[in-house]
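>>> Generate coordinates for the sequence data below:
(one chain, ligands or ions: 1)
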Amino acid sequence: MLAAVVSAPEFETPRLRLRPLELADAAAIQELFPDWEVVRYLMATVPWPYPPDGARIYLEQAALPAMARGEEWHWTLRLKSEQQRLIGMISLKQGGDNNRGFWLGAPWHGQGLMSEACEPVTDFWFDTLRQPLLRVPKAAENIASRRISERQGMRVIGTDVREYVSGRLLTEIWEIGAGEWRQRRRS
Ligand SMILES: CC(C)(COP(=O)(O)OP(=O)(O)OC[C@H]1O[C@@H](n2cnc3c(N)ncnc32)[C@H](O)[C@@H]1OP(=O)(O)O)[C@@H](O)C(=O)NCCC(=O)NCCS
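As a prediction, this is how the structure comes out:
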């Protein structure tokens, strides 16, 4: 029997609305995403220089089909105070050690917004998708991203070297288990 596909719901945080990704978001992503401050620490699977139809191709050929298969969950982020403007994305992916990814347009960095977005999305990973572990690799020099993992109670379980848009970089693999996540939420 085929497992039922679990769709991405909408989420709300104090300052953000998270909406499931749709093809209509391609133009706004194309506008914001091809920026060195956004892509430098993303995996080298991101084409760079970014092609003019890069967002549409990624949505049509990778992200939306994976959502339909129930293997990935992607949300676009919008400020509640300006809901027509997409400001970033957060994603979950089943399998492997790259289970959660995120990016925010450069003007919105450093305001605690991604820390906020990570809360309902990580709850969804453990509580709805019933995953036992969340693992994320990140460039050791990506301080903002590491701080999010630290603050969420994750720990480094290994290191290696991976290819990023900016080249080969020392990488830390961060992890947290379902029990630890629930414990943190209670405390
Ligand atoms: C990583 C990213 C999503 C963080 O989002 P953000 O909303 O700016 O992060 P926050 O404001 O929640 O900050 C998280 C922590 O990092 C710190 N921080 C943020 N930017 C920083 C910077 N440039 N240098 C040092 N620390 C920084 C914040 O002070 C905060 O620390 P605190 O929790 O101790 O206060 C954002 O920087 C981004 O989009 N980067 C490009 C894409 C990317 O690298 N994605 C992650 C790939 S693993």
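>>> so where's the chain shaky on pLDDT?
Along the chain, the model assigns pLDDT under 70 to residues 1-2.
>>> Spell out the residue ranges of the helices in it.
Using DSSP state H, the helices assigned to the chain run over residues 26-32, 36-39, 54-58, 64-69, 113-123, 143-151, 178-186.
>>> Name the surrounding residues that touch the third one.
Helix 54-58 is contacted by residues 23, 25-27, 29-30, 33-34, 47, 51 when judged by Cβ atoms under 8 Å, 6 or more residues apart in numbering. For every residue, glycine as well, the C-beta is placed using N, CA and C.
>>> Mark which of those residues are buried, thanks.
Among these, those that count as buried by neighbour count (16 or more other Cβ atoms under 10 Å) are 25-26, 29-30, 33-34.
>>> May I ask which two of those residues are separated the most?
Spanning the widest gap among the buried ones among the contacts of helix 54-58 are 25 and 34, at 14.9 Å by Cβ to Cβ.
>>> contacting residues for residue 61?
Residue 61 neighbours (Cβ under 8 Å, 6+ apart): none.
>>> Ok, the one 3 residues further on next?
Applying Cβ under 8 Å, 6+ apart to residue 64 gives the contacts 21-23.
>>> Just put the buried ones among the contacts of helix 54-58 in JSON lines and tack on distance to residue 150.
Below are the buried ones among the contacts of helix 54-58 laid out as JSON lines (distance: Cβ to Cβ, whole Å):
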{"residue": "25", "distance to residue 150": "30"}
{"residue": "26", "distance to residue 150": "33"}
{"residue": "29", "distance to residue 150": "28"}
{"residue": "30", "distance to residue 150": "32"}
{"residue": "33", "distance to residue 150": "26"}
{"residue": "34", "distance to residue 150": "29"}
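>>> of those residues, closest to the ligand?
residue 33 (9.5 Å; Cβ to the nearest ligand atom).
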